[in-house]
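Novice: Next comes the sequence, and after it the predicted model I'd like to discuss.
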There are 2 protein chains.
Amino acid sequence: MTAEPEPLNLGLLLYIPYRAMEARVFAGLAEAGYSDFTPAQARVFQRIGPGGSRLTDLAEQAQITKQSAGFLVDQLERAGYVERGPDPTDARARLVRIAPRGAAAVPVAAAIVADVEREWAAHLGGHRAAQLRQILTRLREITDRYR
Amino acid sequence: MTAEPEPLNLGLLLYIPYRAMEARVFAGLAEAGYSDFTPAQARVFQRIGPGGSRLTDLAEQAQITKQSAGFLVDQLERAGYVERGPDPTDARARLVRIAPRGAAAVPVAAAIVADVEREWAAHLGGHRAAQLRQILTRLREITDRYR
DNA sequence: CCAACTTAGTCAGATAGTCTGACGACCGTC
DNA sequence: GACGGTCGTCAGACTATCTGACTAAGTTGG
């Protein structure tokens, strides 16, 4: 770090486009009326399974504490993106499910992601864009603890 | 995610290895005695130029406000990683420079980054690792506002 | 069948990192 | 030499996160 002009470290090289993608998605969501949505909330929201998920599972997958997850789910619930219900299989647990307003936001975000990926492919060329995805998928095998 | 099994979005695919790299670097720095060093501080520290940098420049490059940058530089200064001095060319400004303890941490971090990159190259193969760097460097052209 | 352990979630309190807005000091220009 | 812009700080607020202690409910072994 600190000043080499050219051989930038790979961590930073990964971070720069990630940030750009994130910024685009949140800007687009805000424009579409979903402005009360923060990156931290999104990291939890993304992990909610089709039939709902338990708070503890969400916390583990997002690598945050139960307390943090509970706090973020509170906010998402207040904003109408998710709802909580009882878990029929375990009276201690409650299931966090995506609410209608949350479900409506998903395709909006997906469309923005697709747009950005198209832009990147246009700059890199389709071949390199595909290589990038393929290499990152392999890299994930040794860098992702969850799934 | 929300449920697609395979075509994970590129943003997340970039984020996963970035996080892994970051975690490794901070774990290694802590082990080497640099435990009072946070990711947010690092994002500012990385941008300090060889002859020192102005707070305003650091804030802009790191995409945070001057206030946040000032706060983080305060912490870095207290921990002995950086020092502040006057800017001879502008009496309003002060230059943030890397202090000896900060300079000592740089090669430690660089060595960890190099280790992780070697591991990644071993998993991907040297050819793909080189392609990854090359593609990300091109991608940076359209995703990095600063430099 | 109940005591002991485990698991799900909450509450209270603390810390880090960030923001907006207001401000004083200083710069360069006209 | 007064004025508009820049450099950095202060005050106050908010978001996101943590640790530790707690309640309630399920699980298991004697």
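Specialist: Yes, it's here.
Novice: Pull the number of nearby residues for A:Gly102.
Specialist: 21 (other Cβ atoms under 10 Å in any protein chain shown). Backbone N, C-alpha and C define where each C-beta goes, glycine included.
Novice: does DNA strand D sit close to the longest strand seen in chain A?
Specialist: Identified as the longest strand of chain A according to DSSP state E is strand A:90-98. Yes: counting by Cβ under 7 Å from any atom of the strand, DNA strand D is contacted by strand A:90-98 at A:Asp90, A:Ala91, A:Arg92.
Novice: So the residue nearest the centre of chain A versus A:Leu72, what's the distance?
Specialist: Residue closest to the mean C-alpha point of chain A, counted by Cα atoms, centre = their mean, is A:Arg43 at 4.4 Å. Separation of A:Arg43 from A:Leu72 (Cβ to Cβ, to the nearest Å): 8 Å.
Novice: and for these two, which residues touch both?
Specialist: A:Ile64 (Cβ atoms under 8 Å, 6 or more residues apart in numbering or on different chains).
Novice: any chance you could map the helices in chain A?
Specialist: A:10-31, A:39-45, A:55-62, A:66-78, A:100-124, A:126-143 (DSSP state H).
Novice: Can you read off the pLDDT for A:Pro50?
Specialist: Here the pLDDT value assigned to A:Pro50 is 91.
Novice: quick one: the residue nearest to the centre of chain A and A:Ala62 touch, right?
Specialist: Yes: assessed by Cβ atoms under 8 Å, A:Arg43 is found in contact with A:Ala62 at 5.1 Å.
Novice: buried residues in the longest strand of chain A?
Specialist: The neighbour-count check on strand A:90-98 (16 or more other Cβ atoms under 10 Å in any protein chain shown) flags A:Leu95, A:Val96, A:Arg97, A:Ile98 as buried.
Novice: Dump the helices of chain A into TSV; add distance to B:Leu139 and mean pLDDT as well.
Specialist: Shown next, in TSV, are these (distance: least, Cβ to Cβ, whole Å; pLDDT from 0 to 100):
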stretch	distance to B:Leu139	mean pLDDT
helix A:10-31	5	90
helix A:39-45	21	93
helix A:55-62	26	92
helix A:66-78	30	94
helix A:100-124	6	95
helix A:126-143	7	94
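Novice: Around DNA strand D, pick out the residues from chain A.
Specialist: A:38-41, A:43, A:63-65, A:67-68, A:71-72, A:75, A:90-92.
Novice: which of these are buried?
Specialist: For the residues of chain A next to DNA strand D, buried by 16+ other Cβ under 10 Å: A:Gln41, A:Arg43, A:Ile64, A:Leu72, A:Gln75.
Novice: Which two of these have the greatest separation?
Specialist: A:Ile64 and A:Gln75 (13.5 Å; Cβ to Cβ).
Novice: distance between stretch A:123-140 and the chain's centre?
Specialist: Put simply, stretch A:123-140 sits 19 Å off its chain's centre (Cα atoms, centre = their mean, to the nearest Å).
Novice: That should have said stretch A:40-51, apologies.
Specialist: For stretch A:40-51, the distance to the chain centre is 7 Å (Cα atoms, centre = their mean).
Novice: And that stretch, what's buried?
Specialist: Buried residues in stretch A:40-51 (16+ other Cβ under 10 Å): A:Gln41, A:Ala42, A:Arg43, A:Val44, A:Phe45, A:Gln46, A:Arg47, A:Ile48, A:Gly49.
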